[in-house]
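Participant: Got a sequence here, can you build the structure:
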Amino acid sequence: MEWDWDFAWSILPQLLAGFRVTLIATALGAVVAAVLGLVFAILRRSRNRAVARTTGFVVEFIRGTPLLVQLYFIFYVLPDLGIRLPTLTAGVIGMGLHYATYTAEVYRGGIEAVAKGQWEAAKATNLTARQTWIHVILPQAVPPMIPAMANYLLAMFKETPLLSAITVLELMNQARSVANSSYRYVEPMTMVGVMFLIVSVISVIGLRWLERHYGRVGK
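Facilitator: I've put the predicted structure just below:
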């Protein structure tokens, strides 16, 4: 099948609409992952063993199950329990919750990299636990985490096509709709691949810059 430029231009607005949803889902999912990941990391350091162990079990359970299964559970199973969520909201929660279990490990690595003397100094100056986290620990722990966080952001972006399974009209879903209605797959799928490639290349360049300036904290 030959490439049809007229057809490619005609479907570009629909694909860009899907691309916009993809970027929104990635951005919102990243916020959820960053916030919830920090909560998980702090709870796993709790002196209360029940809290720490329960959090650890939840984190490992989520990490050990596929993201697609979690999306199906949130969108198709929760309604049976009386919880109905819009498609995009379900997708954002699913991706955010899934990647929060990974960002939690990044937070853990960054927090544990802070010298014990910093904790002792904060205690010696009578800082509360909240003040210690906000003014002493996190300002030192977060910068080295940035490259790893950016890496997970890119991974999340590449997994957004899974949202089509719960009918989110993201980029891949729009491309599939175009292809199924026109019986032309070359143009929409190629254009989707190019869009993902462009964002990935730009992200990798940015990630390399972050690694040079902030270093790396692994999983």
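
Participant: all strands of this protein, in order?
Facilitator: Read by DSSP state E, the chain holds no strands at all.

Participant: chain center to the lengthiest helix in it, what's the gap?
Facilitator: Of all the elements of type helix in the chain, the one with the most residues (DSSP state H) is helix 5-44. Averaged C-alpha coordinates place helix 5-44 at 9 Å from its chain's average position (CA atoms, centre = their mean, to the nearest Å).

Participant: packing partners for it?
Facilitator: Packing partners of helix 5-44 (3 or more CB pairs under 8 Å, 6 or more residues apart in numbering; DSSP states H and E): helix 49-63, helix 87-113, helix 138-158, helix 171-182, helix 186-214. Where you see a C-beta, it was placed from the backbone N, CA and C, and this is true even at glycine.

Participant: Any chance of those in CSV with distance to I74 and mean neighbour count as columns?
Facilitator: Conversion of the helices and strands packed on helix 5-44 to CSV gives the following (distance: least, CB to CB, whole Å; neighbours: other CB atoms under 10 Å):
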stretch, distance to I74, mean neighbour count
helix 49-63, 12, 14
helix 87-113, 5, 22
helix 138-158, 16, 19
helix 171-182, 17, 19
helix 186-214, 24, 15
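
Participant: quick one: which of those is nearest V77?
Facilitator: Each of the helices and strands packed on helix 5-44 was scored for nearness to V77 using CB to CB, and the closest is helix 87-113 (10.7 Å).

Participant: and the angle from the closest one to helix 171-182?
Facilitator: Counting by axes from the mean of the first three to the mean of the last three CA atoms, to 10 degrees, helix 87-113 points 150 degrees away from the direction of helix 171-182.

Participant: what angle do helix 87-113 and helix 5-44 make?
Facilitator: Between helix 87-113 and helix 5-44, the angle formed by their directions is 50 degrees, by the same axes, to 10 degrees.

Participant: Please state the offset of helix 87-113 from the chain centre?
Facilitator: The chain centre lies 6 Å from the centre of helix 87-113; the measure is CA atoms, centre = their mean.

Participant: rewinding a little: residues of the longest helix of the chain that come out buried?
Facilitator: Going by neighbour count (16 or more other CB atoms under 10 Å), the buried part of helix 5-44 is 8, 11, 14-15, 18-19, 21-22, 25-26, 28-30, 32-34, 36-38, 40-44.

Participant: Check stretch 128-140 too.
Facilitator: Those buried within stretch 128-140 under the rule 16+ other CB under 10 Å are 132-133, 136-138.
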